[in-house]
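> no sequence for this one, just the structure:
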Ligand SMILES: [Zn+2]
Ligand SMILES: [Zn+2]
């Protein structure tokens, strides 16, 4: 394949591709389980649709390798603008499910632009920060902050607090590795906290406000509310815990945690494969993050490094929060588990993330503008 | 710089992952037993809320078929377990000895057990329906259902390549409520609700059951409801409708129940509740209210329906017929007032009013209309009928006939010649235009279209003799040949003449009728109407005794080719002749006597009832 404008396909990270295949296999296996409800006998073939999405995502990932990430970064602002437009479109004519307006109905699928906006923001930040020195000054932090805040506000308003809050650690990690001073970041964090009342009065829905008040100890939940709020977590913990060491066997789980095909897919794995399954999942993620970190370290330019660092932060936080929430170590926020949860938008955006990282390795710069 | 910072950022990340893994280890390995117990305690269950299928009423609001509210007695076997049904561990332990009523089984997840023997439920026996199965019999039947479901669940899981331990499946399914006794008597319900502790594990649950209240006078047209076929079940299953609902689902299988299924259908509601260890509902988690079906007022009149059914039955008995049908509709808008079918043997379950039969001379009305419209019949031109012509004979006395006489005296040769004169190219399309050869769209799934032979049909049906001969056309001209019509189509033809030339669509739902499109000129309709009046006053129908209602009509007698002894006896028409309010068609199958006389009493009975109101 030397004809492809000098792309050295041998530099494509095969280890990561194998990992993605393993993730996909695991996902299909447990989506098959999650689709069966023994109390009603109904079977929903999530796995079939997910298989389709996985194939599409793989092709998109490979297709992405044909252009250098630097040309992608050159268009980052356009992509960012398009992402914002999509979010505005959701606001105007989005589809409402479960009281949240997060999707655009494309006829053949429900597109969730916020899933892609995560990647776009990482791209934009990498583009903005790549040749700048001013991240070491407080003033220089303002624009990245604003760039992140705009999509966040639109996503909070959907409302999707979980996805919106995901942007903050990503921003901080990217600024941090770009060289921002810790005390500057601390100051920004303080400013952010001072902005919270604005968020509270401007964008939050009543039930979100209630959660905040409860969290701050300002209000008590009624018994009924507590039961409803706690119900999901209880079910999730019971499912995970009752899996035991070896699990109940593939397809033998009968703890049907609501949304166990999307946000709570981990409970199905934990129940049916037990702690063994947990270890499998952890090993897969650790390996993936390690390989991604290696790409970041080996990258020859600051843009590549920043890009991969941002992607790492994005995938890690999402994984950590998702698994954490099934056992009560993180709030239940509605984040999907990368590569394993059911859903086309989520899967494709995760594959795009990894695709960008692979791209950084595949297309090393020939001219070093600046050495870090 | 960059790499150092990346490493620095990785430290808290790795730490968090470590904590997470530790937490999972402690939950899944160290505390697994605790969570297993929690899982056993948790009992989220789905309660069904029955919904009512729409009722079918007659035009004045009387109930033809409805869902009747009943109370069923259900049993949960896990709450009243008998020795033989208990798991191996329970059977070994002595917790179920008679003195100790309530104990936990260590093996079945700590549910409370209470041994139940037939003796425990002895108090119920006096309240069981007399002559029905014994308590043990009922319980065995309910348990058989449990066993069947276990097999099905295991099979389904195996088909999905899922682990299917029979014991696990059994444990779960033992908790389902099974119907022990349908439509319990009020006394039984009272006994159960007064001392629930005596009947632990038995419940009284509401249910709806379909009843055709109006009885056999409407049973064929109303039709039946029944469970889904296997293919239909699979279809719904693939659409994500829960199997637990599909198994119980009943849909219209025939008649109006089927035709109006989309409007009558109801959808049962569900309530997801959480129960405590004693089975009491402590929290409603999700509720999906039941949706009742639409109640539909049909255009049928129950008194007319009863009268006609009775008269048909009497006529069949008197003439030794194998069955008969009667259809009456409002010529102004096509609303069906009565649609009855009676029969012997297999004909008892058929709706003869929408099934095809040889029309005989009643079809001459169509030939007359077609000829008048096409201009090939001059109503005043006379024809001298004497002796057979191409093997066609007449039963009237020889003489000269014009159109009026040809109809009133039922001259076969006149209409054979008329059909030949217009040709099949006019005859067949005209018949199709008046609704013959296709179903009338009555919403009855059984409805047949009948048959109007045309060259195309002949070619397909008889490849060895692919030409429609003129002889066949002559036969069709007076209602013979391969022609097949349904009584509904015949009644509609009568309505065309009665309302001055409009083809009304027959409908069974009140208010859904329409004026229909003009298919015949008013002049042609008037000509034929006049002739049909003469049928009753001076022609073949003069002995039917219909003069008092000023009926216009046409008799018909079709000889069955296979057996010249049996006849189809037809009488179709409308009344009153000058301002028709009702059009009808009546026929009896395989009448031993010759002639339309057999149908007369049925029409007479109907008209008496119709005009009495
Ligand atoms: Zn036991
Ligand atoms: Zn004649």
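Perfect, thanks for sending it. What you are looking at is a predicted structure, and each value in this text was computed from that prediction instead of being measured. Residues are numbered from 1 along each chain as shown, chains lettered A, B, ... in the order given. Ligands and ions are numbered 1, 2, ... in the order given.

> can we go C-alpha only for contacts and neighbour counts from here?
OK.

> Could you point out the longest strand of the chain?
This is for chain A. strand A:100-105 (DSSP state E).

> oops, I was thinking of chain B
strand B:63-76.

> how distant is that one from the center of its chain?
Centroid separation for strand B:63-76 versus its chain: 19 Å, with Cα atoms, centre = their mean, to the nearest Å.

> returning to what we had before: show the subsequent helix or strand relative to the longest strand of chain A.
Note on strand A:100-105: by DSSP states H and E, the next helix or strand toward the C-terminus is strand A:110-111.

> partner strands of that following strand, parallel or antiparallel?
Strand A:110-111 has the following strand partners under DSSP bridges: strand A:100-105 (antiparallel).

> Can you name the residues in contact with the partner strand?
For strand A:100-105, the external contacting residues (Cα atoms under 8 Å, 6 or more residues apart in numbering or on different chains) are A:89-91, A:93-96, A:110-114, A:158-160.

> Take those residues and keep only those in helices.
A:89, A:90, A:91, A:93, A:113, A:114 (DSSP state H).

> Just put those in CSV and tack on pLDDT, neighbour count and distance to residue B:552.
Formatted as CSV, the ones in helices among the contacts of strand A:100-105 follow (pLDDT from 0 to 100; neighbours: other Cα atoms under 10 Å in any protein chain shown; distance: Cα to Cα, whole Å):
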residue, pLDDT, neighbour count, distance to residue B:552
A:89, 93, 15, 70
A:90, 92, 24, 69
A:91, 89, 18, 70
A:93, 87, 13, 65
A:113, 93, 23, 74
A:114, 93, 27, 76
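
> which pair in those residues spans the largest distance?
Greatest spatial distance in those: A:93 and A:114, 14.7 Å, computed using Cα to Cα.

> of all the residues in the stretch 251-372 of chain A, which ones are close to chain B?
Taking Cα under 8 Å from any Cα of the partner chain as the criterion, the stretch 251-372 of chain A approaches chain B at residues A:251-252, A:255, A:274-275, A:278, A:282, A:297, A:305, A:309, A:316, A:320, A:323-324, A:327, A:329, A:372.

> how about a cut-off of 6 Å?
Taking Cα under 6 Å from any Cα of the partner chain as the criterion, the stretch 251-372 of chain A approaches chain B at residues A:251, A:252, A:275, A:297.

> Quick check: the farthest pair among those residues?
A:252 and A:297 (43.1 Å).

> Which of the two has more residues huddled nearby?
Between residue A:252 and residue A:297, residue A:252 has the larger neighbour count (other Cα atoms under 10 Å in any protein chain shown), namely 22 against 18.

> Touching, that one and residue B:163? I think so.
Yes - using Cα atoms under 6 Å, residue A:252 makes contact with residue B:163 at a distance of 5.5 Å.

> do you know how far the residue in chain B positioned nearest to ligand 2 is from chain A?
The nearest approach of chain B to ligand 2 comes at residue B:411, 3.5 Å away (Cα to the ion). To chain A, residue B:411 is 66 Å away according to Cα to the nearest Cα, to the nearest Å.

> Now do the same contact list for that residue.
residue B:394 (Cα atoms under 6 Å, 6 or more residues apart in numbering or on different chains).

> returning to what we had before: want to throw the ones in helices among the contacts of strand A:100-105 into JSON lines with distance to ligand 2?
Below are the ones in helices among the contacts of strand A:100-105 laid out as JSON lines (distance: Cα to the ion, whole Å):
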{"residue": "A:89", "distance to ligand 2": "81"}
{"residue": "A:90", "distance to ligand 2": "81"}
{"residue": "A:91", "distance to ligand 2": "82"}
{"residue": "A:93", "distance to ligand 2": "76"}
{"residue": "A:113", "distance to ligand 2": "84"}
{"residue": "A:114", "distance to ligand 2": "87"}
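
> need these in a markdown table with distance to residue B:133, can you?
Below are the ones in helices among the contacts of strand A:100-105 laid out as a markdown table (distance: Cα to Cα, whole Å):
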| residue | distance to residue B:133 |
| --- | --- |
| A:89 | 66 |
| A:90 | 63 |
| A:91 | 64 |
| A:93 | 62 |
| A:113 | 63 |
| A:114 | 63 |
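
> Redo those as CSV? Include distance to chain B.
Putting those into CSV (distance: Cα to the nearest Cα, whole Å) gives the following:
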residue, distance to chain B
A:89, 31
A:90, 28
A:91, 28
A:93, 27
A:113, 27
A:114, 24
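
> Next up, phi/psi of the residue in the stretch 251-372 of chain A positioned nearest to chain B, please.
Ranked by Cα to the nearest Cα, the top residue of the stretch 251-372 of chain A for proximity to chain B is residue A:251, at 4.7 Å. Dihedral pair for residue A:251: phi 80, psi 0, per degrees, to the nearest 10.

> That one touches residue A:33, doesn't it?
Yes - between residue A:251 and residue A:33 a contact is recorded at 4.9 Å, counting by Cα under 6 Å.

> Provide the secondary structure category for residue B:511.
coil (DSSP: H, G, I helix; E, B strand; the rest coil).

> In chain A, where is pLDDT below threshold?
A:1-6, A:39-40, A:196, A:198-230, A:366-372 (pLDDT under 70).

> what about the strands in it?
A:36-37, A:42-43, A:95-97, A:100-105, A:110-111.

> Report the central residue of chain B.
residue B:254 (2.5 Å; Cα atoms, centre = their mean).

> What residues does the stretch 1-150 of chain B have near chain A?
B:2, B:3, B:5, B:6, B:27, B:28, B:29, B:32, B:35, B:36, B:39.

> Just confirm the last one is within a helix.
Just to be clear, that refers to residue B:39. Yes - according to three-state DSSP, residue B:39 belongs to a helix.

> Now do the same contact list for it.
residue A:238.

> Also the second one?
Going by Cα under 6 Å, 6+ apart, residue B:3 touches residue A:297.

> Distance check, it against residue A:309.
Going from residue B:3 to residue A:309 by Cα to Cα, to the nearest Å gives 10 Å.

> ok, now the third one?
Distance, residue B:5 to residue A:309, using Cα to Cα: 10 Å.

> Between those two, tell me which one has more neighbours.
residue A:309 (27 against 16).

> Can you report how many residues neighbour the closest residue to residue A:76 other than its chain neighbours?
Leaving out its chain neighbours, the residue that sits closest to residue A:76 by Cα to Cα, 6 or more residues apart in numbering or on different chains is residue A:124, at 5.2 Å. Burial measure for residue A:124: 25 neighbouring residues, criterion other Cα under 10 Å.

> now swap in residue B:66 and tell me
Neighbours of residue B:66 (other Cα under 10 Å): 20.

> That one against residue B:55, yeah?
Yes - when contacts are counted by Cα under 6 Å, residue B:66 is listed as touching residue B:55 (4.3 Å).

> Tell me which of the strands of chain A approaches residue B:592 most closely.
strand A:42-43 (57.8 Å).

> What pairs with that closest one, parallel or antiparallel?
strand A:36-37 (antiparallel).

> Buried residues of the longest strand of chain A, list them for me.
A:101, A:102, A:103, A:104 (16 or more other Cα atoms under 10 Å in any protein chain shown).

> Which residue, other than its chain neighbours, is closest to the first one?
This means residue A:101. Spatially, and ignoring its direct neighbours in sequence, residue A:101 is nearest to residue A:158 (5.1 Å; Cα to Cα, 6+ apart).

> Count residues in the vicinity of the one you found, would you?
The burial count for residue A:158: 23, using other Cα under 10 Å.

> And the residue of the stretch 51-200 of chain A found nearest ligand 1, how far from ligand 2?
The minimum distance from the stretch 51-200 of chain A to ligand 1, using Cα to the ion, falls at residue A:98 (41.2 Å). Per Cα to the ion, to the nearest Å, residue A:98 is found 78 Å from ligand 2.

> From residue A:330, how far out is that residue?
Residue A:98 is 22 Å from residue A:330, by Cα to Cα.

> Looking at those two, which has the bigger crowd around it?
Neighbour count, other Cα under 10 Å: between residue A:98 and residue A:330, residue A:330 has more, with 13 against 6.

> Count the residues that sit near the nearest residue to that one once chain neighbours are set aside.
Among residues not flanking residue A:330 along the chain, residue A:324 sits closest, at 4.9 Å (Cα to Cα, 6+ apart). Using other Cα under 10 Å, residue A:324 has 21 other residues around it.
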